[in-house]
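Enquirer: Sequence below, structure please.
(chains A, B, C and D)
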Number of protein chains: 2
Amino acid sequence: MVAAILEAAARILETEGLDGLTTNTVANRAGVSVGSLYQYFPGRSAILAELTRRERANLATRIQAVSADARNQSLETALRRLIDAAIGHQLDRPALARALDYIEPSLALDDEAVLLAETIVSTVANLLRKHGVTKPTEAARDLVAMAKGMVDAAGLAGETNSKALATRVSRAVLGYLYN
Amino acid sequence: MVAAILEAAARILETEGLDGLTTNTVANRAGVSVGSLYQYFPGRSAILAELTRRERANLATRIQAVSADARNQSLETALRRLIDAAIGHQLDRPALARALDYIEPSLALDDEAVLLAETIVSTVANLLRKHGVTKPTEAARDLVAMAKGMVDAAGLAGETNSKALATRVSRAVLGYLYN
DNA sequence: GTCTATACGCGGATAGAC
DNA sequence: GTCTATCCGCGTATAGAC
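Expert: Down below sits the predicted model:
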C-alpha cells in the first residue's frame, strides 16, 4: 500500500510536475481514497520526503555496491563505474530524478535521508582520497555537481544513449582531475 | 509597476520558493492590490514567464557582450570570460536562478524567451566552432550543463568566492575539451 | 487606474459510516 | 481499514466602487 502510494506520487511528479501532486491525485492514481492515504502518511510533504528517501537509498546502494566492487581498480575505472551507476539511476526516471533534486533542499528530511544524500559525495571523496587526489571533498562535490548537471540536461533533452553520455561525463571528470 | 511586480515575484521565489508565490503574495510584496496586478499580468504563470524572459535576456546580454569582446582572444581566455559572466549572473541571485532553471521547461515561454535560452548555448557553440572543436553543438551543451551544475551547487552551498569557483569550472571545461 | 469585496473552485485534512 | 462526505482555508480571478 505504501509502495502503491509512492509509485503513484512518482508517476504524477513525472507527468504533471510538483503542482499536480496533491493528496487527491495521488490517492486516485494509487487506486485508494484520501482517507486511506492519510492512514499511511501524515500529509502531502511526508509523501515527498519518503519518496526522496527511497530514491536516495536506491542510488546510494548502487553507488556503494560499485564502489566496494571497484576497490582494486584504477581511479579511472572506478570513476567510470560510478558514472555508469549514476547515469543508470538518473536516466531510469529522468523527470522524477530532476523533480526530487529540485525539491530536496526545501524538504524537511529526516536524518537518515540526509545521510543518504551525503553518502554519494563521501563515497566519491573516499575514492579520490585513496588515490591521492588533493582536496578530495571539494573535488567530489564538484564532480558530482558537474555530472549531475550533464546527466540532468541529457535526461531533459530525452537523450537515451547512456554509453555515449557516460563517455562524455568521464571526459569531463577526468579532465577536471588531471588539470 | 511591471518592474515592481516582477521584483516582488523574484524576492518571493528566493525566500518562499515556488509554492509561496501566489498572486496575493506578489501583490502584497509589490505594494499593490491583486486587482492592479491583473491589469498587467493575465495570471500567475504569466508573471513567471515574464520573469524568466527578463532573467534570460539579462544573461544573454552579458554573454554576448563578453563574446563579442573576446573575439580575438584564445579559446581559454574567451571561455574563462564566459564562465565569469555566467557565475556573476548566477551568484548574483542563486536561489532565483535555481528556481527559474527548474520551472523553465514546464513554462509556456513565448518565442522570444525560447530564443534567448538558446542564445547561450549557441554563443558557446560558435566560439568552439571557430576554434576547431569537433561537435561544437554537443560540446557546448555539455559545457553549459556541467558549468550550470557546478555553479548551481555552489550557490546552494552558499559559496561566494566567485574566483575560486571560476577556476574550478574552467578546469572542468578545459579538461573536457582537451581529453 | 487602483482599490476592496467577493464568488468560485480546489486542495488539505478529518469525522464518521460501513 | 477503507470508504464517503464534509469542513475549512487559500488562491485565482472578477466585479464594481472610488
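
Enquirer: From A:P42, how far out is the residue lying farthest from the centre of chain A?
Expert: Within chain A, the residue lying farthest from the chain centre (Cα atoms, centre = their mean) is A:G35, at 30.5 Å. The gap separating A:G35 from A:P42 is 13 Å, by Cβ to Cβ, to the nearest Å. Heads up, the C-betas are built off the backbone N, CA and C, glycines and all.

Enquirer: what do you get for A:L13?
Expert: Counting by Cβ to Cβ, the gap from A:L13 to A:P42 is 19 Å.

Enquirer: And stretch A:102-109, what's buried?
Expert: Across stretch A:102-109, burial judged by 16 or more other Cβ atoms under 10 Å in any protein chain shown covers A:Y102, A:I103, A:E104, A:L107, A:L109.

Enquirer: I figured the fourth one was touching A:E50, is that so?
Expert: No. With contacts counted by Cβ atoms under 8 Å, A:L107 stays clear of A:E50, the gap being 10.2 Å.

Enquirer: Specify the local secondary structure of A:L18.
Expert: In three-state terms, and counting by DSSP: H, G, I helix; E, B strand; the rest coil, A:L18 is coil.

Enquirer: what does the model give the closest residue to it other than its chain neighbours for pLDDT?
Expert: Nearest residue to A:L18, sequence neighbours excluded (Cβ to Cβ, 6 or more residues apart in numbering or on different chains): A:A99, at 6.2 Å. At A:A99, the model reports a pLDDT of 97.

Enquirer: Can you report how many residues lie near A:A99?
Expert: 23 (other Cβ atoms under 10 Å in any protein chain shown).

Enquirer: What is the helix or strand harbouring A:D142 packed up against?
Expert: Using DSSP states H and E, the element containing A:D142 is helix A:136-156. Counting by 3 or more Cβ pairs under 8 Å, 6 or more residues apart in numbering or on different chains; DSSP states H and E, the packing neighbours recorded for helix A:136-156 are helix A:75-92, helix A:94-103, helix A:111-130, helix A:162-177, helix B:136-156, helix B:162-177.

Enquirer: most neighbours per residue, which of those?
Expert: helix B:136-156 (a mean of 22; mean count of other Cβ atoms under 10 Å in any protein chain shown).

Enquirer: Could you chop chain A up by domain?
Expert: A:1-41, A:46-177 (automatic domain parsing).

Enquirer: What is the end-to-end distance of the last one?
Expert: Okay, so that is domain A:46-177. With Cα to Cα, to the nearest Å applied, domain A:46-177 spans 39 Å between its terminal residues.

Enquirer: Please state the offset of that domain from the chain centre?
Expert: 7 Å (Cα atoms, centre = their mean, to the nearest Å).

Enquirer: Does it reach DNA strand C?
Expert: No. Using Cβ under 7 Å from any atom of the strand, domain A:46-177 stays clear of DNA strand C, coming no nearer than 8.0 Å.

Enquirer: tell me which element the closest residue to DNA strand D within chain A falls in.
Expert: Closest to DNA strand D within chain A is A:G35: 2.5 Å, counting by Cβ to the nearest atom of the strand. A:G35 belongs to helix A:34-40 when assigned by DSSP H and E.

Enquirer: Check which helices and strands the very next helix or strand once past that helix is in contact with.
Expert: For helix A:34-40, the succeeding helix or strand toward the C-terminus, using DSSP H and E, is helix A:44-69. If contacts are counted by 3+ Cβ pairs under 8 Å, 6+ apart, helix A:44-69 sits against helix A:2-15, helix A:75-92, helix A:94-103, helix A:111-130.
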